[in-house]
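Undergrad: give me a 3D structure for the following:
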Amino acid sequence: MAATSISSATNKLTDQSPLLLHNTAARPSATHLSFSNSSVSLQKLSISSTSRNLKSGGSAVAAVSVLKTVEGSELASKSRSSDPVIKPPKPTILVSEKLGEAGLDLLRSYGDVECLYNLSQEELLAKISEFDALIVRSGTKVTRQVFEAAKGKLKVVGRAGVGIDNVDLQAATELGCLVVNAPTANTIAAAEHGIALLASMARNVAQADASIKAGKWLRTKYVGVSLVGKTLAIMGFGKVGSEVARRAKGLGMHVIAHDPYAPADRARALGVELVSFDQAISTADFVSLHMPLTPTTNKIFNDATFAKMKKGVRIINVARGGVIDEDALVRALDEGIVAQAALDVFTEEPPSKDSKLVQHENVTVTPHLGASTKEAQEGVAVEIAEAVVGALRGELSATAVNAPMVPPEVLSELAPYVILAEKLGRLAVQLVAGGSGIQSVKVVYGSTRDSDNLDTRLLRAMITKGIIEPISDAHINLVNADFTAKQKGLRISEEKVIVDSSPENPIDSIQVQISNVGSKFESALLENGNISIEGKVKDGIPHLTRVGSFSVDVSLEGNLILCRQVDQPGMIGQVGNILGESNVNVSFMSVGRTVKRMTAIMAIGVDEAPNKETLKKIGEVSAVEEFVFLDL
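TA: Numbers count the residues shown, from 1 in each chain. Modelled structure (predicted):
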C-alpha cells in the first residue's frame, strides 16, 4: 500500500491548513451505488438493465457474480454427468505493457495470455472485447470507451503499480469490472532510491561527476554536508516512509515524521517521533516526501510552506511531483531557503527540456526511477498477476480499488444514510488536532432493529472512506475498507443501540467517536475525552444533530462553521453580519446549549469558504470562545 497522505489533520484550518476535505458525494436519488476514486455516485438504474451484476430474483449480489468466471458460464452449466466432459475455455488475458516473466508465467498457468505492447487507443478498443482481463502499467489509458467496447466480457483490470489515474474507476464499477493494483512490491525499491538521492545530494555526487567529465577538478566547490546528527522529516509515514526511516536511522540521523494515521506504537518501535505538520517542516534539516497526490496534497509544498522551513533545508521527493509547487521551489532555491533538492518525480513527466527546476545547479534529478529495480519489477509482476488470477476465480482481492455491487434491498434502505456516513467521517477527521494520529474510531448506530437485522458494512465503509480517503491515495470501497483501515492502524468498532423510532427507518442516528486524540474544537469532546459528532437524515438530507454534548441541527451541505460562545443576545447577528459583509451566504444556522445564559454552540452552514480575514473577525468577537471552519 502506498504511503498515507501527510495532509495535516492536525493543523488549524484558521491558519489555512493543508487539510481541506472536499465534498464529492452526490445526493442520493435512487437505489444504485457505485464507488469511484473520489465520489459516491447514486444513479437511477433498473435491475433488469444490469442483470449481469445481479443474481436472479433480486437476491444478494456477490462480487463473484460481478467477476463471474468462465467456469460459471452457460457452457460449463450445459455439461451433465451423462454427457462427455466439456472443459471450459481458459480466461483470456491481455498484457498491454511490459511485465516481468515471473508474472507472465503465473498468468499463463491459469489463462491464455497475449502480450500486445504499444497499442494505440483505437487498437485497444478494437481488441478489448476478446479478453476477460487486461493488465496495464501507467501508459495505457483504460477509459470509459474501453470498458464499453469490452461489451461486458472484461471482468478485471490489473494496474501493475500503485497509481490508477489512467483507469476510469467510475466506468469500471458501473460496468461490473473489478480494478486491482499492486501497491506493495516496489516499497523497498522506492525507499532505497530515496536514500540514494539523500546521500548523493548531500555530497554533490551528480554535480561532481558532471564536473569531472567536463574536464574540471573543483574540490572546494562541491563540499558536502554530513548526515550524522541531522534531522530528517518524513512526510507520510506509510510503507515507503517507514523503510526510509529505518535506513536513515542507520545513517545516524534523527528521524521525525508527520502522518495523521501513522500508529504511534509503530513509530516508537522504529525510534521515530510523530509530530505536527508545521513542527516537521520547521525543524528538519532534510525533508523526504512520501505522500500521494490528492486534492489536499496538491502543491502542499508552496511559498507559504517553504517560508516556514529552516534556511538551508534539503528536500527529497520520490512520491508524486504534483505535491510540490515547482515554481515556488525554484524561488526557494534562488533565495537560499532550500539549499538543495533531489527529485525523482515531476508535475509533468517528462519535464520540459528548459525547466528551470531541472536545470537548477542545486537540484539533482532522476527520471522516475523509484520502482526501477529488477527485483521490484518482478515483484510487481507477481503481485498483479496473483490479484488478477484471484479475481478471475471470483475471489475478492485485498488490493481492489473499486467495489462490487451490494444487495439491492440493503442499498434501497441505506442509500439515504450513505452520504451522512461519509460526511460524518470527513467532519470528524477535521476536528482532530495533535500529531499522534487517529487509531481508534467507534461508530454507534441508533436503530429500532437488532444487530442481526441491520447490515452496516456499507455505512462502515463510507465512514472509513470519509476519514481516510481525502488525505490518502487509498480508494475506499466495500471490498477494501476494513483492509485499508487495518493497514493504516485504524481500528473501527461498531455498536448498535435500540431506540424508540419509526420502524420504517432502518437507522435513526449515526454517531462517530474518535478516541485518544486532541481536538481543534474542545466542545466536540465528551466527558470521556472522545471527539463525538452525531447526525441524522431528515427529508433525505444529512444533518448534523449533535456536537459533543451540544444539540444542533444543521444541514451537511457546503461548508460549516462551529462556534462556542457565551450564551447572550446578539451573537447570531454579530457573526451573521461578519459573514454578510464578506459576501458569504448562510444556508443554515442552529444554536444548541446545555444551560441557559452559560455556553452555547452555534453551527452555521455557509455556501462559500470564508477567507482568512473573515474567520479572524469571527474569532475576535469577544463572546466567541472557540471556533473552527470545516469543509465538507
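Undergrad: please count neighbours and contacts with C-alpha atoms only from this point.
TA: OK.
Undergrad: can you name the helix or strand that E494 falls in?
TA: According to DSSP states H and E, E494 maps onto strand 491-498.
Undergrad: mind listing what's buried in that strand?
TA: Neighbour counts over strand 491-498 (16 or more other Cα atoms under 10 Å) mark I492, K496 as buried.
Undergrad: for the record, mean pLDDT for the helix or strand following it?
TA: For strand 491-498, the following helix or strand on the C-terminal side (DSSP H and E) is strand 509-515. What strand 509-515 shows for mean pLDDT is 96.
Undergrad: quick one: strands adjacent to the very next helix or strand once past strand 509-515?
TA: Next along the chain after strand 509-515, taking DSSP H and E as the criterion, comes strand 518-519. The pairing partners recorded for strand 518-519 under DSSP bridges are strand 432-433 (antiparallel).
Undergrad: sorry, back to before: which other helices and strands does the strand holding E494 contact?
TA: Contact partners of strand 491-498 among helices and strands, from 3 or more Cα pairs under 8 Å, 6 or more residues apart in numbering; DSSP states H and E: strand 440-447.
Undergrad: on contacts alone, who are the packing partners of the strand it packs on?
TA: On a contact count with 3+ Cα pairs under 8 Å, 6+ apart, strand 440-447 meets strand 491-498, strand 509-515.
Undergrad: which residues touch the shortest one?
TA: If you take Cα atoms under 8 Å, 6 or more residues apart in numbering as the criterion, strand 509-515 is touched by 421, 424-425, 428, 438-447, 529-537.
Undergrad: walk me through which strands that strand pairs with, and which way each runs.
TA: For strand 509-515, pairing defined by DSSP bridges yields strand 440-447 (antiparallel), strand 531-538 (antiparallel).
Undergrad: pull the residues that contact the last one.
TA: This points to strand 531-538. With contacts defined as Cα under 8 Å, 6+ apart, strand 531-538 is touched by 416-417, 420, 424, 428, 431-432, 508-515, 517, 519, 524-526, 542-548.
Undergrad: ok, the first one next?
TA: By Cα under 8 Å, 6+ apart, the residues outside strand 440-447 that reach it are 460, 490-501, 505-516.
Undergrad: buried residues in the helix or strand following it, which are they?
TA: As assigned by DSSP H and E, the chain's next helix or strand after strand 440-447 is helix 457-468. By neighbour count with 16+ other Cα under 10 Å, helix 457-468 contains the buried residues L458, L459, R460, A461, M462, I463, T464, K465, G466, I467, I468.
Undergrad: swap in stretch 164-171?
TA: For stretch 164-171, burial by neighbour count (16+ other Cα under 10 Å) applies to I164, V167, D168, L169, Q170, A171.
Undergrad: can you tell me the distance between the two ends of that stretch?
TA: 13 Å (Cα to Cα, to the nearest Å).
Undergrad: how far off centre is that stretch?
TA: A distance of 15 Å separates the centroid of the chain from that of stretch 164-171, by Cα atoms, centre = their mean, to the nearest Å.
Undergrad: for the residue nearest to E494 when sequence neighbours are not counted, give its distance to V552.
TA: Using Cα to Cα, 6 or more residues apart in numbering and skipping the chain neighbours, the partner closest in space to E494 is V443 (4.8 Å). Separation of V443 from V552 (Cα to Cα): 19 Å.
Undergrad: same question, V95
TA: Distance, V95 to V552, by Cα to Cα: 55 Å.
Undergrad: who's more crowded, those two?
TA: V552 (23 against 19; other Cα atoms under 10 Å).
Undergrad: residues in contact with that one?
TA: By Cα under 8 Å, 6+ apart, V552 lies in contact with L544, T545, R546, S590, V591, G592, I601, M602, A603.
Undergrad: which strand or helix spans the fourth one?
TA: Meaning S590. strand 586-593.
Undergrad: just checking, what packs against that strand?
TA: Contact here means 3+ Cα pairs under 8 Å, 6+ apart; on that basis strand 586-593 packs against strand 550-555, strand 599-606.
Undergrad: tell me the contacts of A190?
TA: Neighbour list for A190: V240, V318, L369, G370, A371 [criterion: Cα under 8 Å, 6+ apart].
Undergrad: again, only using 6 Å
TA: The contact partners of A190, by Cα atoms under 6 Å, 6 or more residues apart in numbering, come to G370, A371.
Undergrad: next one: it from V318, what distance?
TA: From A190 over to V318 the distance is 7 Å, taken as Cα to Cα.
Undergrad: isn't A481 right next to I463, touching?
TA: No. A481 lies out of contact with I463 (Cα atoms under 6 Å); the separation is 9.2 Å.
Undergrad: one step back: so what's the residue nearest to E494 bridging to?
TA: Here V443, judged by DSSP bridges, has bridge partners E494, V512.
Undergrad: and the pLDDT at it?
TA: Here, the pLDDT recorded for V443 equals 97.
Undergrad: if you rank every helix and strand of this protein by mean pLDDT, what lands last?
TA: Using mean pLDDT, DSSP states H and E, helix 63-66 stands out as the lowest-scoring helix or strand of the chain, at a mean of 30.
Undergrad: hmm, back to that, could you point out which of the strands paired with strand 509-515 sits nearest S109?
TA: Between S109 and the strands paired with strand 509-515, the tightest spacing by Cα to Cα is seen for strand 440-447, at 42.6 Å.
Undergrad: what is the nearest of the buried residues of helix 457-468 to K299?
TA: Using Cα to Cα, I468 comes nearest to K299 of the buried residues of helix 457-468, at 19.4 Å.
Undergrad: tell me how far the closest one lies from A524.
TA: Using Cα to Cα, we find I468 at a distance of 20 Å from A524.
Undergrad: check A341 too.
TA: Distance of A341 to A524, computed by Cα to Cα: 41 Å.
Undergrad: which one of these two has more residues nearby?
TA: A341 (28 against 25).
Undergrad: can you count the residues close to I93?
TA: Using other Cα under 10 Å, I93 has 27 neighbouring residues.
Undergrad: from here on, count from 328
TA: Sounds good: first residue 328 from here, last item I420.
Undergrad: just checking, what packs against the host helix or strand of it?
TA: I420 is located in strand 419-422, with elements delineated by DSSP H and E. Contacts defined by 3 or more Cα pairs under 6 Å, 6 or more residues apart in numbering; DSSP states H and E place strand 419-422 against strand 439-442, strand 460-463.
Undergrad: any chance of CSV for those, columns distance to L616 and mean pLDDT?
TA: Output for these, formatted as CSV (distance: least, Cα to Cα, whole Å; pLDDT from 0 to 100):
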stretch, distance to L616, mean pLDDT
strand 439-442, 35, 97
strand 460-463, 26, 98
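Undergrad: and the ones you listed, which is most packed in?
TA: Of all those, strand 460-463 carries the top mean neighbour count, a mean of 25, counting by mean count of other Cα atoms under 10 Å.
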